[in-house]
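> Return atomic coordinates for the entry below.
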Amino acid sequence: MDDTAPPPVARFLRELPVTVPIALAPLRRAQAVAGARDGAGQPVLVIPGILSSDSATALLRRTLDATGYRAHASQLGFLTGIQKKTFARALDRLAEVAAAERRKVALVGWSLGGLYARVLAQRHPELVELVMTLGTPFSGDRRANNAWRLYEAINDHSVDAPPVPDDPAIKPPVPTIALWSRTDGVIAPAAARGLPHESDAEVEVPYSHFAMASTRPAIARVVTELGDWLAR
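Residues are numbered from 1 along each chain as shown. Sure, this is the predicted structure:
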């Protein structure tokens, strides 16, 4: 199967039930992640995906906190796409967290949020410890996904002409890890995996796109991978 093409419709439809744990994320309690390294107070800024807000990443952030990290919400509101004003707010938020914590910040971006994370690290690597993307379409054809038509319907630009000049495919000058999945029903695996020079590592995980930062097994994997990379 061509992993550079948008996932088949049947795979996308299997994503839909996972919207339930996403919606319930603010109500769910964190559980300890067995075998995960202690976060040792490392600040982590978590950026959600398209058509979502910080409520969608509540369980991930709560689990990071329970593992010894200091997780921070993006405070970007409801994300609809790539916008200059949103990038400006994201930079202000990154600088605010770095100043408050007095250390560099790890960025974890889910889907669209990973594009923000990569560009923030490109622009201001002095504030960033590490970038981890979760199912983020940063590489190749920007239509290699099942979301581009919706994106263009709700934004004033095409996916090929965002209102910022940055290329998210360029690897930031900090450790950059891409988590991707063959079972992703939204993003072509190759787009989220990237080419060898576009990240320091690509990690295959067995979770769907919507599950990647909302289900307990997937969150446990994210927390474990984050700890292992920060310890290097």
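> ok, and for the longest helix belonging to the chain, which residues are buried?
Using DSSP state H, we find that the single longest helix of the chain is helix 84-101. Neighbour-count burial for helix 84-101 flags 86, 87, 89, 90, 91, 93, 94, 97, 98, 101 (criterion: 16 or more other C-beta atoms under 10 Å). Any C-beta I mention is one placed from the backbone N, CA and C, and that applies to glycine too.
> what's near enough to touch the fourth one?
Under the criterion of C-beta atoms under 8 Å, 6 or more residues apart in numbering, the neighbours of residue 90 are 47, 74, 76, 116, 120.
> confidence score at it?
Residue 90 is assigned a predicted lDDT (pLDDT) of 98.
> repeat for the first one
On pLDDT, residue 86 comes in at 96.
> what's the spacing between it and residue 184?
Counting by C-beta to C-beta, to the nearest Å, the gap from residue 86 to residue 184 is 24 Å.
> Over to the last one?
When distance is defined by C-beta to C-beta, residue 101 is 32 Å away from residue 184.
> Next: the fifth one.
When C-beta to C-beta is applied, the distance between residue 91 and residue 184 equals 28 Å.
> which residues of this protein fall in helices?
With helices called from DSSP H, the chain shows them at 9-13, 19-24, 58-66, 84-101, 112-123, 148-154, 189-193, 216-230.
> Of all those, which one is nearest residue 167?
Distance to residue 167, taken as C-beta to C-beta, is lowest for helix 112-123 among the helices of the chain, at 8.4 Å.
> And the contacts of that closest one?
Residues outside helix 112-123 that contact it (C-beta under 8 Å, 6+ apart): 45-50, 74, 76, 79, 81-82, 86-87, 90-91, 94, 107-109, 127-128, 131-138, 164, 166, 168, 170, 172-174, 176, 178.
> Grab the CA positions of that helix and hand them over as CSV.
This file holds the C-alpha atoms of helix 112-123, laid out as CSV (Å, rounded to 0.1, in the frame of the first residue of the first chain):
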residue,chain,number,x,y,z
LEU,A,112,-1.5,20.5,13.3
GLY,A,113,0.1,21.4,16.7
GLY,A,114,3.3,19.7,15.6
LEU,A,115,3.6,22.1,12.7
TYR,A,116,3.5,25.0,15.2
ALA,A,117,6.0,23.1,17.4
ARG,A,118,8.5,22.6,14.6
VAL,A,119,8.3,26.2,13.4
LEU,A,120,8.6,27.6,16.9
ALA,A,121,11.8,25.5,17.4
GLN,A,122,13.1,26.7,14.0
ARG,A,123,12.6,30.3,15.0
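> how far does it sit from the chain's center?
9 Å (C-alpha atoms, centre = their mean, to the nearest Å).
> avg pLDDT for it?
Average pLDDT, helix 112-123: 98.
> and that helix with helix 84-101, angle?
70 degrees (axes from the mean of the first three to the mean of the last three C-alpha atoms, to 10 degrees).
> so where is the protein shaky, pLDDT-wise?
Low-confidence segments of the chain (pLDDT under 70): 1.
> Would you mind giving both backbone torsions of residue 147?
With angles defined as degrees, to the nearest 10, residue 147 sits at phi -120, psi -10.
> where's the nearest residue to it once chain neighbours are set aside relative to residue 148, distance?
Spatial nearest neighbour of residue 147, excluding adjacent residues (C-beta to C-beta, 6 or more residues apart in numbering): residue 186 at 5.7 Å. Note on residue 186: its distance to residue 148, by C-beta to C-beta, is 10 Å.
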